[in-house]
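Undergrad: Fold the following, please.
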Amino acid sequence: MPPPEGTSPLMLTPLIPIFLACTLGLQTSPAQPAESQPVAKSQPMVLPLARGLVSRYVKEIGGRVALWDLESFTAHATLAFTGGQATGQLDLAFRRPNLMRIHLDLADLGSSVVGSDGLSAWEIVTTDKVEEAEIIPMADAQRRRRELNWFELAIRLTEGARSFRTVAPAEFENYPCWEIQKITRDGVEERLFIDREHFLLRGIRMIEEGPLEDHEVTMSFRDWKPIKPLLLFHELAVTRDDIELIIRFDKISLDTVSPTTFQPPPSVEDLLRAIPQDEPPVEDDPGESQP
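TA: Numbering: from 1, shown residues only. Take a look at the predicted model:
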């Protein structure tokens, strides 16, 4: 589908995140997601500690040592709505401490590349064969990384939690799970579902705040396979109302990524050279960086 007449590359910038907005949960309300139906039980059940379940989950996918030893990560995914053809391609590349490259290609809708060499960050938007590059704050690039690196999301489940407790046994996509309630420091609620048998993350459910009404968003983590030394999901389904977006990872690698992958392209180098040398650098987000 060609972009509307008069669309400029800069106008596409908000369009590309909107394509995946349902996966981000950036604007959420404290409204509670619909509770899953508890599994019928004949006698009182002692619920396991939520943080203990997450610790077991981390152990099942490789353990904390393997996760923290991870230096680089690359992945390629196709994006499609249920029953439809592929509508996009996504390439991810990360390397510690804060090198990154995220390339989202939406065919006729255009493409976006967000990158960082650890010192500077940029975005390049292309529509109708017209390329527009700009320097962006490092914090903005790191936010994009957190939004689109679902593997990091699936690892750092307790991050930012004010409250974290097991509420009930429940079913999620036919898996018997433990349902965990997470309340963030901002008062936002999420529901996490950890498999009672295999201790894998099966889903996250949240409420997305819309301009007119709120929407329930469900993320389903499927097709867990070993990418030694880790066990990683290879399919992510994001459901918002009756629309389901499937992100299918057909290539995942934990091999070391060359630093040249993260070097700015010529159009960005021109912009960097034009920045006054006495201009203070944009500081990165505080905290640890994760591939």
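Undergrad: now the strand or helix carrying Arg145, how far from the chain's geometric center?
TA: For Arg145, the element it lies in under DSSP states H and E is helix 138-148. Here the centre of helix 138-148 is set off from its chain's centre by 10 Å, with CA atoms, centre = their mean, to the nearest Å.
Undergrad: after it comes which helix or strand?
TA: Downstream of helix 138-148 (by DSSP H and E), the next one is helix 150-155.
Undergrad: helices and strands around that following helix, which ones?
TA: When contacts are defined as 3 or more CB pairs under 8 Å, 6 or more residues apart in numbering; DSSP states H and E, helix 150-155 sits against helix 138-148, strand 230-240. In this view, the C-beta of every residue, glycine as well, is placed from N, C-alpha and C.
Undergrad: that older thread, can you point out the buried residues in the helix holding Arg145?
TA: Met138, Ala141, Gln142, Arg143, Arg144, Arg145, Arg146, Glu147, Leu148 (16 or more other CB atoms under 10 Å).
Undergrad: Please convert the residues you listed to TSV, extending it with pLDDT and distance to Lys228.
TA: Shown next, in TSV, are those (pLDDT from 0 to 100; distance: CB to CB, whole Å):
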residue	pLDDT	distance to Lys228
Met138	92	32
Ala141	91	29
Gln142	88	28
Arg143	88	31
Arg144	86	28
Arg145	86	24
Arg146	83	25
Glu147	82	27
Leu148	82	24
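Undergrad: Go through the residues you listed and name the one nearest Asp91.
TA: Leu148 (10.5 Å; CB to CB).
Undergrad: I'd like the distance between the residue lying closest to that closest one once chain neighbours are set aside and Ile252.
TA: Nearest non-adjacent residue to Leu148, counting by CB to CB, 6 or more residues apart in numbering: Ile102, 5.6 Å away. Distance of Ile102 to Ile252, computed by CB to CB, to the nearest Å: 15 Å.
Undergrad: Between the two, which is the more surrounded one?
TA: Ile102 (21 against 18; other CB atoms under 10 Å).
Undergrad: which strands and helices sit next to the helix or strand harbouring that one?
TA: Counting by DSSP H and E, the element that carries Ile102 is strand 99-105. Under the contact criterion of 3+ CB pairs under 8 Å, 6+ apart, strand 99-105 touches strand 86-95, strand 111-116, helix 138-148.
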